[in-house]
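Visitor: pasting the structure only:
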């Protein structure tokens, strides 16, 4: 089951996405003769990207309701906790297991060979867990995009036979040369688990689309709390979670290939909620602070 969301500060809160998109578009137009051709082309590009991101969120909401699992981004829900040890090393691992880390050539953007990075790890209930992000660079063609989608599906299907087949119509409607895919997943004792999440994110230099997070493994057989993986803006150097029962958990987001975002993973802390989540820049200044975070109950 896949569970994902778009953060409030990225997605614009209560303001309709269409209004914001039109405002951005209007602000980029010079005074004088109206450039109708550029307005139409720009609007189509923005709407296509909005549709791609919105479709992913809608699918996650349906999946969460159908499977009785958690969807991220709701207010007043139980939040997450962990002691995070993240790795910024690009690695290649099998889809069904942790595997042995293998360095990948720096700078390569191969749509059929993802960059994998471990973004969090720890132990819970006597078991070792690891949070992973796989970055699949965008394909320059629809034909390549279909092949990529089939590869992603095959990897997910190996541990979750409920993953649906890829259709040509999905690629025809959703493919965008400026959008990468990221797959959030986690392992327990070195074995990849069935729950995961796929997100559309901006490629380097592309449209600054929102990036979200996922709560995976809501009711794991081992008793391990859900593993939460989230993407944040590149300027975020630390995430601090203040708990209602006292104490603070900190996580350090790391780079995944050349993605313009940073990512981190934590394991849920049972029995308490987050009172406040603060994102800090490298100089210690606050990037954002909110009491609306991840649902894990």
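Guide: That came through fine. Bear in mind that the values here come from a model prediction, so they are computed numbers and not experimental data.
Visitor: Every contact and neighbour count from this point should use C-alpha atoms.
Guide: Will do.
Visitor: Mind checking the pLDDT average for the strand ranked longest in the chain?
Guide: As assigned by DSSP state E, the longest strand anywhere in the chain is strand 191-202. Throughout strand 191-202, pLDDT has a mean value of 95.
Visitor: report the angle between the axes of the helix or strand hosting residue 265 and strand 191-202?
Guide: Assigned by DSSP states H and E, residue 265 belongs to strand 261-267. For strand 261-267 against strand 191-202, the angle by axes from the mean of the first three to the mean of the last three C-alpha atoms, to 10 degrees is 150 degrees.
Visitor: For strand 261-267, the averaged confidence score.
Guide: Averaging pLDDT residue by residue across strand 261-267 gives 92.
Visitor: do the same with stretch 227-246
Guide: Rounded mean pLDDT across stretch 227-246 is 88.
Visitor: ok, and the closest non-adjacent residue to residue 289?
Guide: Once flanking residues are discounted, residue 289 sits nearest to residue 278: 4.3 Å by C-alpha to C-alpha, 6 or more residues apart in numbering.
Visitor: what's the answer for residue 140, then?
Guide: residue 177 (5.4 Å).
Visitor: could you list every residue that touches the one you found?
Guide: Residue 177 sits next to 138, 139, 140, 141 when contact means C-alpha atoms under 8 Å, 6 or more residues apart in numbering.
Visitor: In which helix or strand does the residue nearest to the last one when sequence neighbours are not counted reside?
Guide: So that's residue 141. Nearest residue to residue 141 in three dimensions, chain neighbours excluded: residue 177, at 7.4 Å (C-alpha to C-alpha, 6+ apart). Secondary structure assignment for residue 177, by DSSP H and E: no helix or strand.
Visitor: swap in residue 241?
Guide: strand 238-243.
Visitor: For that strand, list every residue counted as buried.
Guide: For strand 238-243, burial by neighbour count (16 or more other C-alpha atoms under 10 Å) applies to 238, 239, 240, 241, 242, 243.
Visitor: Wasn't residue 151 part of a helix?
Guide: Yes: counting by DSSP: H, G, I helix; E, B strand; the rest coil, residue 151 is found in a helix.
Visitor: what's the burial count for it?
Guide: Using other C-alpha atoms under 10 Å, residue 151 has 16 other residues around it.
Visitor: Kindly indicate whether the nearest residue to it once chain neighbours are set aside is helix, strand or coil.
Guide: Computed as C-alpha to C-alpha, 6+ apart, the closest residue to residue 151 that is not its neighbour in sequence is residue 112, at 7.4 Å. Here residue 112 takes the coil state, with states given by three-state DSSP.
Visitor: Now for residue 112, how many residues are close by?
Guide: Residues near residue 112, counting by other C-alpha under 10 Å: 18.
Visitor: For it, give me its contacts.
Guide: By C-alpha under 8 Å, 6+ apart, the residues touching residue 112 are 136, 137, 147, 148, 151.
Visitor: gap between residue 286 and residue 278?
Guide: Plainly put, residue 286 is 7 Å away from residue 278 if you go by C-alpha to C-alpha, to the nearest Å.
Visitor: Give me the more crowded residue out of those two.
Guide: Applying other C-alpha under 10 Å to residue 286 and residue 278 shows that residue 278 carries more neighbours, namely 17 against 14.
Visitor: where does the more buried one land on pLDDT?
Guide: According to the model, residue 278 carries a pLDDT of 91.
Visitor: and what of the one 3 residues further on?
Guide: Residue 281 is assigned a pLDDT of 98 by the prediction.
Visitor: okay, and for the chain, where does confidence drop off?
Guide: 1-107, 209-210, 271, 294-297 (pLDDT under 70).
Visitor: what ranges do the helices span in it?
Guide: Here the chain has its helices, by DSSP state H, at 8-11, 17-27, 36-67, 142-157, 168-174.
Visitor: And the last one, what's buried?
Guide: Of the residues in helix 168-174, those buried by neighbour count under the rule 16+ other C-alpha under 10 Å are 171, 174.
Visitor: same deal with the fourth one?
Guide: Burial within helix 142-157, assessed by neighbour count using 16+ other C-alpha under 10 Å, is assigned to 142, 144-154, 156-157.
Visitor: looking at it, residue 139 is touching residue 114, isn't it?
Guide: No: Residue 139 lies out of contact with residue 114 (C-alpha atoms under 8 Å); the separation is 11.7 Å.
Visitor: between those two, which one's more packed in?
Guide: residue 114 (25 against 22).
Visitor: For that one, give me its contacts.
Guide: Residues counted as contacts of residue 114 (C-alpha under 8 Å, 6+ apart) are 92, 134, 135, 136, 137.
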